[in-house]
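the following block contains a protein sequence and its predicted model.
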Amino acid sequence: MIAETAPLPRVFRGRTHVAAIRDAHDPRALAAGAHPQWPYRIAGRLMARRDHGRSCFMDVDDRTGTLQVHMRLDPAGEQRLSRLAVGDVVGVDGCVYVTRRGELALELDDCVVLAKARRPPPRRSRTARFAEREADLIAGERSREVLITRARVIAAIREWMNARGFVELETPVLQRVFGGASARPFVTHHHALDRRLCLRISTELYLKRGIVGGLEDVYDLGKCFRNEGISARHSPEFTMLEWFQTCADYTDVCTLVETMVSDVALRVLGTTRIERGGTTIELAPPWRRLTVREGILEVTGVDVADRDAPALAQLVGRWAQPGDDWPQLVELAHSKLVEPTLIQPTFVLDFPVSLFPLARRHPHDADLAEAFDAVVGGIEMSSGSTDVNDAAEQRSRFLEQAQRSGDGGDEPHPLDEGFLRALEYGMLPLGGAGMGIDRLVMLLTGCESLRDVIAFPT
């Protein structure tokens with residue numbers, strides 16, 4: 001065995017990824033044996049070894065796949081093998097080799113240990129996989145594939161937004177006044193300023209300040225934080241895409257959502273069709289559109305337009321809280337009874353206005369807002385609206401929201417005077433939305449939990 005003090009190589013230049021070798025050579029078109037005209041260098045983790053008489057096959061795994069390495073067990077080969085253990089990170093020089101079974105491999109010319117494994121190879125364990133995510137990634141190729149797909153989705157979204165003239169605006173993570181959503185924040189303290197700060201729960205109010213300043217169509221793609229529960233669909237730290245499109249309303253934003261999701265799926269997966277729970281979901285536009293009233297009526301037979309809170313309370317009784325009013329009961333009926341039934345992509349429109357304090361009132365019903373949820377596979381993927389751009393109206397809506405929070409026993413939502421002051425300069429009419437990137441990746445990869453698609457979940 002190599003002594004622990006033996007120096008390890010500092011570099012291993014000229015490597016080729018396994019996938020590139022597989023793409024370049026079809027073993028069915030090659031004779032069995034070595035092909036010295038095609039030399040390669042690969043680097044990865046030694047995952048297994050199998051001895052066959054005077055030969056040994058080793059599986060070397062890199063980010064793009066696994067390739068067998070064939071080694072002859074002559075004296076030189078046995079000496080090399082004595083230096084290796086399953087789990088070691090190795091660099092291999094060799095040429096293309098086709099096994100008797102017609103499988104692609106490399107015939108080993110030389111091998112060097114790039115990092116010695118001091119722990120045995122991890123076994124895949126559901127209970128321990130998130131506590132030691134790196135071990136889970138070593139043991140599970142599927143876990144790596146999911147995170148690589150996630151990276152491709154994020155890159156595709158950025159490229160899509162940039163190609164349409166949106167400006168990526170990085171908004172502050174530490175905020176003096178949190179806002180843009182209804183959620184409990186994480187609170188910290190800045191010692192130099194002796195100031196209470198919050199991790200952002202949304203990027204909306206700062207994006208709108210950028211629009212006031214003339215940046216117009218803007219987006220932010222980054223982390224948000226909400227000090228609330230953890231579930232298969234909720235994480236205290238999550239990645240959010242938020243954007244605003246000027247001179248547009250919520251119908252335009254719906255079109256943007258369905259087009260973006262479809263285009264990103266086609267770019268990353270090569271198709272707009274995905275499988276979830278044994279059902280084929282078609283992401284290509286147009287997506288179905290229905291009002292929240294129509295959705296609840298279709299599923300339950302109750303018409304929420306009657307504003308009959310007792311009937312609604314009976315409908316959602318096991319989820320309702322004492323004192324829940326009509327808008328809160330409508331939201332419960334939608335999220336608990338309707339949303340899980342919406343498997344094909346659907347926009348649910350026109351929610352009670354008090355649920356969307358930053359959204360414009362519906363022109364035909366002042367109790368409703370021009371707001372939507374986009375639901376796919378029974379999961380809310382995005383939420384958006386036509387937005388208020390009148391400072392006086394926005395102040396009034398904030399005060400109404402604070403009153404509702406106070407009446408419910410929760411801490412009133414803070415009034416962001418800086419944002420209201422910005423609106424007083426004037427802002428273009430606009431519509432916007434937020435989309436949970438973790439949920440989108442979960443949908444596209446067929447995963448069942450956000451923990452599967454977040455690299456290092458809480």
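Thanks, I have the structure now.

low-confidence ranges, the stretch 251-400 of the chain, go.
Within the stretch 251-400 of the chain, not a single segment meets pLDDT under 70.

now do the longest helix seen in the chain: which elements does it pack against?
In terms of residue count, the longest helix belonging to the chain (DSSP state H) is helix 141-163. Under the contact criterion of 3 or more C-beta pairs under 8 Å, 6 or more residues apart in numbering; DSSP states H and E, helix 141-163 touches helix 133-139, strand 167-168, strand 218-225, strand 237-246, helix 250-269, helix 437-445, helix 450-453. Backbone N, C-alpha and C define where each C-beta goes, glycine included.

give me the pLDDT for Glu424.
With respect to pLDDT, Glu424 scores 97.

please apply the same query to the one 10 residues further on.
Reading off the per-residue confidence, Gly434 sits at a pLDDT of 97.

that one is in contact with Thr239, isn't it?
No. Between Gly434 and Thr239 there is no contact under C-beta atoms under 8 Å: 11.0 Å.

quick one, phi/psi of Ala433?
Ala433 adopts backbone torsions of phi -160, psi 160, taken as degrees, to the nearest 10.

list the contacts of it.
By C-beta atoms under 8 Å, 6 or more residues apart in numbering, the contact set of Ala433 is 242-243, 253, 256-257, 374, 382-385.

at 7 Å what do you get?
243, 253, 257, 382-384 (C-beta atoms under 7 Å, 6 or more residues apart in numbering).

would you turn these into a markdown table with distance to Leu30 and neighbour count?
Shown next, in a markdown table, are the contacts of Ala433 (distance: C-beta to C-beta, whole Å; neighbours: other C-beta atoms under 10 Å):
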| residue | distance to Leu30 | neighbour count |
| --- | --- | --- |
| Trp243 | 50 | 29 |
| Val253 | 54 | 27 |
| Val257 | 48 | 23 |
| Ser382 | 49 | 25 |
| Ser383 | 54 | 22 |
| Gly384 | 54 | 28 |
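
out of those residues, which is nearest to Pro357?
Of all these, Ser383 has the smallest distance to Pro357: 13.0 Å, by C-beta to C-beta.

residue contacts, that closest one?
The contact partners of Ser383, taken as C-beta under 7 Å, 6+ apart, are 372-373, 433-434.

partners of it in the sheet?
Beta-bridge partners recorded for Ser383 (DSSP bridges): Asp373, Gly434.

burial count for Arg195?
Arg195: 11 surrounding residues under other C-beta atoms under 10 Å.

do you know the pLDDT at the closest residue to it other than its chain neighbours?
Using C-beta to C-beta, 6 or more residues apart in numbering and skipping the chain neighbours, the partner closest in space to Arg195 is Arg176 (6.8 Å). On the pLDDT scale, Arg176 is placed at 90.

could you do Ser125 as well?
60.

the one 5 residues further on too?
Taken from the predicted model, the pLDDT recorded for Phe130 is 70.

check for me that it belongs to a strand.
No. Read with DSSP: H, G, I helix; E, B strand; the rest coil, Phe130 is coil and lies in no strand.

that one - how many residues pack around it?
16.

relative to Gly140, how far out is it?
12 Å (C-beta to C-beta, to the nearest Å).

neighbours of Leu290, how many?
17.

is it true that it lies in a strand?
Yes. According to three-state DSSP, Leu290 belongs to a strand.

can you tell me the element the closest residue to it other than its chain neighbours falls in?
Leaving aside its sequence neighbours, Leu290 sits nearest to Val348 (C-beta to C-beta, 6+ apart; 6.3 Å). In the assignment (DSSP states H and E), Val348 maps to strand 346-349.
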